[in-house]
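**Q** Fold the following and give me the result.
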Amino acid sequence: MTAYTTTPLTDVTTWFRAGRTDQFPVGAGAVIKYRDRQIAVFYFNRTERWYACQNLCPHKLENVLGRGLIGEQDGIPKVACPMHKRTFSLETGENLNGDCPPVAVYPVKVENDYVYVGFAD
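**A** Have a look, this model is predicted:
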């Protein structure tokens with residue numbers, strides 16, 4: 001299993017171009033691959049915010065978070081594992097309803113209609 005850690009914006013050394021904004025679903029996730037990592041990317045159209053986290057659910061170690069249900073819990077944007085219903089903050093990666101380990105989250109920016117995900121290489 002690959003160990004993921006959250007990448008603070010100040011540590012970003014590589015902005016990976018994930019795709020055009022119109023290639024990502026609104027209100028749902030899509031998965032990109034960066035090196036050996038699967039990254040789930042989400043767009044919340046109501047708030048016009050983008051988020052990215054590891055695709056691997058730490059509960060059963062399955063790459064499913066990109067197909068997860070997104071929403072908010074107490075104002076915190078979250079994704080719920082479609083198989084196990086564990087929820088994770090898309091801002092911090094913390095598990096919001098149990099004792100699972102957190103997921104890695106990554107900064108996202110949009111420039112000239114392209115979505116970029118930040119990594120610390």
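**Q** which residues sit in contact with the closest residue to residue 73 other than its chain neighbours?
**A** In space, and not counting its chain neighbours, residue 73 is closest to residue 96: 5.6 Å by C-beta to C-beta, 6 or more residues apart in numbering. C-beta coordinates here come from the backbone N, C-alpha and C atoms, glycine included. Neighbouring residues of residue 96 by C-beta atoms under 8 Å, 6 or more residues apart in numbering: 73, 76, 78, 87-89.
**Q** ok, now residue 28?
**A** 42, 70.
**Q** And the pLDDT at it?
**A** Looking at residue 28, its pLDDT is 92.
**Q** Are we agreed that residue 99 is in a strand?
**A** No: the assignment for residue 99, made by DSSP: H, G, I helix; E, B strand; the rest coil, is coil rather than a strand.
**Q** Could you count how many residues lie near it?
**A** 7 (other C-beta atoms under 10 Å).
**Q** contacting residues for it?
**A** With C-beta under 8 Å, 6+ apart, residue 99 has no contacts at all.
**Q** repeat that with 10 Å
**A** Applying C-beta atoms under 10 Å, 6 or more residues apart in numbering, one finds that residue 99 lies in contact with 59, 86.
**Q** which phi and psi does it have?
**A** phi -110, psi 20 (degrees, to the nearest 10).
**Q** in stretch 14-29, what's buried?
**A** 16, 18, 24, 29 (16 or more other C-beta atoms under 10 Å).
**Q** do stretch 57-70 as well
**A** 57-59, 64-68, 70.
**Q** ok, back up a step: restricted to strands, list the buried residues of stretch 14-29.
**A** 16, 18, 29 (DSSP state E).
**Q** closest to residue 45 among those?
**A** Nearest to residue 45 among these, counting by C-beta to C-beta, is residue 29 at 13.1 Å.
**Q** any idea how far residue 59 is from that closest one?
**A** 17 Å (C-beta to C-beta, to the nearest Å).
**Q** Residue 23 now?
**A** 29 Å.
**Q** Same check on residue 13?
**A** Residue 13 is 30 Å from residue 59, by C-beta to C-beta.
**Q** Equivalent analysis for residue 40, please.
**A** With C-beta to C-beta as the criterion, residue 40 and residue 59 are 15 Å apart.
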